[in-house]
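Trainee: What follows is a predicted protein model with its sequence.
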Amino acid sequence: MKRNNYIIHFLSILLSIVTAQDKPNLVVVYTDEHNLRTIGAYRELQSKKVAEPWGDGVVVDTPNIDRLANEGSIWTSFYTVAPLCTPSRASFMTGLYPKATGAHLNHNEMYETMTTWAKVLKQRGYHTGYTGKWHLNGNEKPGWNSGKKYGFIDNKWQYNRGHWKFFEDHPTLGPQAYEWTDESEAKFAKTMDKNYVTDFLMDRGIETMQDAIDQDKPFAVMISIPDPHSPNIVRPPYNSMYQHFKYEVPMTGKAALKKKPALPGWSAISLDISEASATIKSMESDPIRHGYYANIFGMVKLIDDQVGKLFQFLENNGVSDDTIVVFTSDHGDQLGEHAKHNKGRPYETSAGVPFLMRWPNGIEAGKVINTAYTSVDFAPTILSMMGITNPNMEFHGIDGSKEVLSPNKNTDSYITKKQTRFITDSATSKWATAVRDDFKLTLSNGEPWFFDLSTDPNELHNVYTNANYTSIIEEMQSDLYDTMFQHQFPLAENDVIFFSQPSCWDSRSQISAWNKRLCNELTDIKFSPACTWRKIYEECPNACNRCCVDSPGKIFINGQLKTCNEVSEYCENKKVQNFCPVKCNACPNQRSMSTGDEEESSNLNEFEDDDLRLL
Ligand SMILES: *[C@@H]1O[C@H](CO)[C@@H](O)[C@H](O)[C@H]1NC(C)=O
């Protein structure tokens, strides 16, 4: 070879390296309604008691998804901004809070003017593609291959909504979707590994990547898999892999059913505690429930195998090191934790989602990111990681690229423990939440809730009134207050919200000193004498009809925070009366003034275990 040819050859290699590094590929694997404890890499970070809620060893192994954590990063405090399909997806695509996208309610249509990260990447020369569920085009079902592309050049296999189980490319009709019926099962019996939804969508996504490679272009492809959302059925052999397990009711579910402790108002269930044990027993022996869990586990296993197929493709094409692979979900699925299924609440497995990211050329292997992030942070983070710092997009989210690309495995030194992010109820206006690495504050229609996840990873105990947390709570509360107005969280539409613990507030849990009894039973003439015992009175001040103390903190009234000294004109409101019974002249039995209450309280009997048996 002549010298010139050498130089040209050398330059072209150099150029290809530079281009490759300039424009890493992106693949986002996005599942629907996915409990993060079904992923091995998350379980490894948690104690067994937390990680295996359905029983010891009742787990799915997910070696392929785990590779993203082992060879890349796992994010332990990543939440959807709204645990509901449509708003979560809108925020993930745009970096904006749900209200700004037009898609803050399920089945809303996202504003056509929205810029997505895909659109930015397309403008930078990426070949972009989307396969699977989109859910941002309104009610259409399935709604194939919409004219609204939002930056995805190849959206032939993008559909709006529906939980289809089989797809095919019909020679004359084009894309076709099928639910699981006897008919469709028979039709695809011999080709399930091609036509079942998860296999099919991964294959089409890989084809788009292949197209990009053939055109010598970088690619950005999102594969949006509608499993493991219901219907809870999956193709063989995955439907039979997890039938041998006994799926227990999670410890948090049992606690909720027994009201020991009771659920917060924003997650309440109506079940008499006397029925709790029988209910748990019948749930655990219910073959339908058993089948659901076995199939959900099977769906997860199939997803994991498809991630393995993706890795194989990237490796075969020599692009594995310079492709950013993201694995996440639109929201969680409590799967019986806290006695609930699905999503819609701020709990770790409802609003918390798996978020893993691998990029050998950019991310240190084995990185654990504990900093709180939400789906609004995805767009600014990913674009910045890909070298796009001026995308012409406005973001509500934070650019976390510095943290994920830092060479440190543990990035707590970024003072990221203090980064507060926000989650909102989107279906109703019941709650809004602020999260940090270890802490979670929820404001709601009822009393405020605060979880310390480091000591209470199962989110059982409200420690809002524990003085150790006062300053953290104040900071998080103030941030949440600002954000919920700025971004129009539905909770801000309420007239009155307790921003502090009301002093006269009954516990909803079993009375700790009196097994299987609740505060509201004390209004019964038979049980009311128990109110003369201090321990019972203290947990049930309202039911004991004696409470007459103004609450020390703040109450939110028509958009403003007020102390009890400032509420007189709002005293006709029941919640205001409850918060400030003295100022509002609303003490029980017209007894006014706190002095009387103190006297009363000093006359209470100290509690003896035997006393209650006499009632
Ligand atoms: C507050 O923290 C201290 C020190 O960790 C601990 O000893 C104490 O029990 C805590 N107080 C409460 C009410 O939990």
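Mentor: Cool, got the structure.

Trainee: Averaging pLDDT per element, find the lowest-scoring helix or strand in the chain.
Mentor: Using mean pLDDT, DSSP states H and E, helix 594-602 stands out as the lowest-scoring helix or strand of the chain, at a mean of 42.

Trainee: so where is the stretch 451-600 of the chain shaky, pLDDT-wise?
Mentor: Counting by pLDDT under 70, the ranges of the stretch 451-600 of the chain that qualify are 589-600.

Trainee: Kindly recompute the last result at 90.
Mentor: 512-515, 523-535, 537-538, 541-548, 559, 587-600 (pLDDT under 90).

Trainee: List the residues that contact His170.
Mentor: Gln176 (Cβ atoms under 8 Å, 6 or more residues apart in numbering). For the C-beta atoms, the positions are set from N, CA and C on the backbone; glycine is no exception.

Trainee: partner residues bridging it?
Mentor: Gly174 (DSSP bridges).

Trainee: and if you look at Tyr373?
Mentor: Beta-bridge partners, per DSSP bridges, of Tyr373: Phe78.

Trainee: what's the spacing between it and Met93?
Mentor: 16 Å (Cβ to Cβ, to the nearest Å).

Trainee: Tell me which of those two has more neighbours.
Mentor: Remark: of Tyr373 and Met93, Met93 carries more neighbours, 27 against 24, as counted by other Cβ atoms under 10 Å.

Trainee: any idea which helix or strand carries the more buried one?
Mentor: Using DSSP states H and E, Met93 sits within helix 85-94.

Trainee: In terms of secondary structure, what does that helix contact?
Mentor: Helix 85-94 sits against helix 98-101, helix 117-123, helix 378-385, with contacts defined as 3 or more Cβ pairs under 8 Å, 6 or more residues apart in numbering; DSSP states H and E.

Trainee: and with 7 Å instead?
Mentor: For helix 85-94, the contact count by 3 or more Cβ pairs under 7 Å, 6 or more residues apart in numbering; DSSP states H and E identifies helix 98-101 as packing neighbours.

Trainee: I figured Ile74 hits Arg43, correct?
Mentor: No: Ile74 lies out of contact with Arg43 (Cβ atoms under 7 Å); the separation is 11.2 Å.

Trainee: Near the residue lying closest to Glu112 once chain neighbours are set aside, how many other residues are there?
Mentor: Of all residues not flanking Glu112 in the chain, Lys148 sits nearest, at 6.1 Å (Cβ to Cβ, 6 or more residues apart in numbering). By other Cβ under 10 Å, the residues close to Lys148 number 15.

Trainee: Same question for the one 3 residues further on.
Mentor: Burial of Gly151 is recorded as 20 neighbouring residues (other Cβ under 10 Å).

Trainee: Same check on Gln560?
Mentor: With other Cβ under 10 Å as criterion, Gln560 counts 9.

Trainee: now the one 10 residues further on
Mentor: Under the neighbour criterion other Cβ under 10 Å, Tyr570 is assigned a count of 19.

Trainee: What of Ser224?
Mentor: For Ser224, using other Cβ under 10 Å, the count is 23.

Trainee: tell me the contacts of it?
Mentor: 30, 130-134 (Cβ atoms under 7 Å, 6 or more residues apart in numbering).

Trainee: pLDDT at it, what is it?
Mentor: Note on Ser224: pLDDT of 98.

Trainee: which non-adjacent residue is nearest it?
Mentor: Of all residues not flanking Ser224 in the chain, Gly132 sits nearest, at 3.4 Å (Cβ to Cβ, 6+ apart).

Trainee: Can you name the residues bridging to that neighbour?
Mentor: Bridge pairing for Gly132 - DSSP bridges - gives Gln158, Ser224.

Trainee: and it, what is it in contact with?
Mentor: 157-158, 201, 223-226.

Trainee: Apply 10 Å and report the result again.
Mentor: Neighbouring residues of Gly132 by Cβ atoms under 10 Å, 6 or more residues apart in numbering: 29-32, 157-159, 164, 167, 197-198, 200-202, 204-205, 222-227.

Trainee: Check Leu302 too.
Mentor: For Leu302, the contacting residues are 193, 196-199, 202, 225, 227-228, 234-235, 237-239, 241, by Cβ under 10 Å, 6+ apart.

Trainee: picking up where we left off before, quick one: which of Ile74 and Arg43 has more around it?
Mentor: When Ile74 and Arg43 are compared for neighbours, Ile74 comes out ahead with 27 against 20, by other Cβ under 10 Å.

Trainee: Give me the phi and psi for the more buried one.
Mentor: Dihedral pair for Ile74: phi -120, psi 130, per degrees, to the nearest 10.

Trainee: how far away is it from His135?
Mentor: Separation of Ile74 from His135 (Cβ to Cβ) stands at 26 Å.

Trainee: buried ones in the longest helix along the chain?
Mentor: In the chain, assigned by DSSP state H, the helix with the most residues is helix 287-316. By neighbour count on 16 or more other Cβ atoms under 10 Å, the buried set for helix 287-316 is 289-290, 292-308, 310-311, 313-314.

Trainee: Likewise for stretch 366-381?
Mentor: In terms of neighbour count (16+ other Cβ under 10 Å), stretch 366-381 has its buried residues at 367, 369-381.

Trainee: hey, C-alpha coordinates of it in PDB?
Mentor: Provided in PDB are the C-alpha atoms of stretch 366-381 (Å, rounded to 0.1, in the frame of the first residue of the first chain):
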ATOM      1  CA  GLY A 366     -21.000  -1.500  38.600                       C
ATOM      2  CA  LYS A 367     -22.100   2.100  39.300                       C
ATOM      3  CA  VAL A 368     -24.800   2.500  41.900                       C
ATOM      4  CA  ILE A 369     -26.700   5.800  41.700                       C
ATOM      5  CA  ASN A 370     -28.700   6.500  44.900                       C
ATOM      6  CA  THR A 371     -29.600  10.100  44.000                       C
ATOM      7  CA  ALA A 372     -33.300  10.700  43.400                       C
ATOM      8  CA  TYR A 373     -34.400  11.200  39.800                       C
ATOM      9  CA  THR A 374     -37.700  11.000  38.000                       C
ATOM     10  CA  SER A 375     -38.800  10.500  34.400                       C
ATOM     11  CA  VAL A 376     -38.700  14.200  33.700                       C
ATOM     12  CA  ASP A 377     -34.900  14.000  34.200                       C
ATOM     13  CA  PHE A 378     -34.500  11.400  31.500                       C
ATOM     14  CA  ALA A 379     -34.500  13.700  28.400                       C
ATOM     15  CA  PRO A 380     -32.100  16.300  29.700                       C
ATOM     16  CA  THR A 381     -29.800  13.600  31.000                       C
END
